[in-house]
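Student: Kindly return the folded structure for what I paste below:
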Amino acid sequence: MRTDRHCRRQFLGSCLAVAGVGLLAGCGGIPPWQTVSRIPLVGYVAPGTVTGYGSRADAFREGMRALGYEEGANLALEVRWAEKEADVPGLAAEVVGLQPRIIVAGGSAAIRPIWNATQTIPIIFVADNADPVEAGYAESYARPGKNLTGLTGLSPHVTQKRLALLKEVVPSMTRVAVLRNPESPDRERLSSETEAGAAALGLQLQWLEVTDATQIDPAIGAASRDRADALIVLRDPLTNNNRPRIVTLAAEKRLPAMYASREAVDIGGLMTYGPNIYHLYHRTATYVDRILKGAKPGELPIEQPTTFELVVNLRTAQALGLTIPSSILSQATEVIQ
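Tutor: Residues are numbered from 1 along each chain as shown. Below you'll find the model as predicted:
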């Protein structure tokens with residue numbers, strides 16, 4: 001009888017323990033996924049739609065798989081897409097509420113909202129168009145010192161080089177329209193570098209400022225009407241999410257256009273120069289892996305791009321009546337025939 005009573009007590013204690021864990025999970029005391037397994041949860045917040053940013057999340061997933069992580073086996077991933085940039089803070093707070101081990105900021109516009117939501121959960125960013133030190137996210141590139149680190153796509157020579165390459169393709173170019181969203185955060189450096197690059201090349205800039213998708217058509221129409229010789233598209237969630245429309249309008253208005261990433265060139269844009277955006281997102285996985293293994297974000301140096309790609313779409317050049325100089329073709333990492 002003593003043995004039976006002892007067994008019953010053990011069984012009852014086990015049941016209460018399991019019930020207690022379930023109650024804690026239901027009340028928020030223990031995250032639900034931790035009651036099932038110890039699979040680490042990683043949050044991912046993109047300041048745009050699947051159409052605009054999906055290929056970047058895919059590159060991150062590929063990077064994680066290359067390091068031996070499989071979703072559902074040894075990794076849980078919660079992804080949130082912002083239909084509008086104004087949606088990012090709410091999505092960031094939602095992901096923070098899930099208590100993930102790490103949150104990936106899939107674009108410059110997601111960094112500050114996530115950081116506002118947590119100063120303790122490690123944040124890995126791809127600051128494609130922001131200087132993380134200038135923006136206050138890090139104390140230095142070598143030692144960020146806070147709960148953020150990652151990669152930046154910003155490099156001082158890139159913006160001027162884009163303008164110089166475009167001028168080689170359009171030698172008569174004197175007036176360049178620049179499509180940008182002035183409300184997108186942490187883009188001050190990008191705009192100032194564009195101004196400096198234009199001044200160095202003796203170019204006049206026509207700023208096309210758009211804050212929502214309905215303004216894109218009239219903005220590019222104004223560039224054509226004012227006889228701009230070419231178009232530069234500055235990357236942000238608005239221009240990324242509306243990439244197909246911008247490429248179509250540039251073709252209709254016969255504006256040779258330079259883009260910040262090859263995603264636009266793949267669908268008919270003329271050319272792009274800059275760091276390989278897919279490589280940046282693929283590399284993000286190495287930061288996640290190191291933090292999951294115990295590294296602190298504040299001690300992991302921020303990576304700056306060291307290799308750049310120049311992609312030219314010859315079909316688009318021919319449609320615009322342009323001849324791409326051999327000096328451009330010899331530098332190109334890829335030519336789309």
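Student: Show the contacting residues for residue 118.
Tutor: Shown in contact with residue 118 (Cβ atoms under 8 Å, 6 or more residues apart in numbering): 96, 103, 147. Every residue, glycine included, has its C-beta placed from N, CA and C.
Student: ok, which stretches of this structure are helices?
Tutor: 2-27, 50-66, 88-97, 108-117, 158-169, 188-200, 216-225, 237-241, 243-252, 262-266, 277-292, 314-319, 326-331 (DSSP state H).
Student: Reformat those as JSON lines; add mean pLDDT and distance to residue 210.
Tutor: As requested, those are exported to JSON lines (pLDDT from 0 to 100; distance: least, Cβ to Cβ, whole Å):
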{"stretch": "helix 2-27", "mean pLDDT": "40", "distance to residue 210": "45"}
{"stretch": "helix 50-66", "mean pLDDT": "95", "distance to residue 210": "15"}
{"stretch": "helix 88-97", "mean pLDDT": "97", "distance to residue 210": "18"}
{"stretch": "helix 108-117", "mean pLDDT": "95", "distance to residue 210": "15"}
{"stretch": "helix 158-169", "mean pLDDT": "94", "distance to residue 210": "19"}
{"stretch": "helix 188-200", "mean pLDDT": "87", "distance to residue 210": "14"}
{"stretch": "helix 216-225", "mean pLDDT": "97", "distance to residue 210": "5"}
{"stretch": "helix 237-241", "mean pLDDT": "91", "distance to residue 210": "6"}
{"stretch": "helix 243-252", "mean pLDDT": "96", "distance to residue 210": "10"}
{"stretch": "helix 262-266", "mean pLDDT": "94", "distance to residue 210": "16"}
{"stretch": "helix 277-292", "mean pLDDT": "96", "distance to residue 210": "21"}
{"stretch": "helix 314-319", "mean pLDDT": "97", "distance to residue 210": "22"}
{"stretch": "helix 326-331", "mean pLDDT": "95", "distance to residue 210": "29"}
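Student: coming back round to it: which of the contacts of residue 118 tops the neighbour count?
Tutor: Neighbour count (other Cβ atoms under 10 Å) singles out residue 103 as the most crowded of the contacts of residue 118, with 30 neighbours.
Student: count of neighbours near the nearest residue to that one once chain neighbours are set aside?
Tutor: Spatial nearest neighbour of residue 103, excluding adjacent residues (Cβ to Cβ, 6 or more residues apart in numbering): residue 43 at 4.1 Å. Residue 43 sits with 27 neighbouring residues when counted by other Cβ under 10 Å.
Student: so what pLDDT did residue 43 get?
Tutor: pLDDT, residue 43: 98.
Student: hey, what's it bridged with?
Tutor: Per DSSP bridges, the residues bridged to residue 43 are residue 78, residue 103.
Student: What separation do you get for it and residue 121?
Tutor: 8 Å (Cβ to Cβ, to the nearest Å).
Student: Where do the domain boundaries of the protein fall?
Tutor: Here the domain parsing of the chain from automatic domain parsing is 33-153+277-299, 158-274+309-336.
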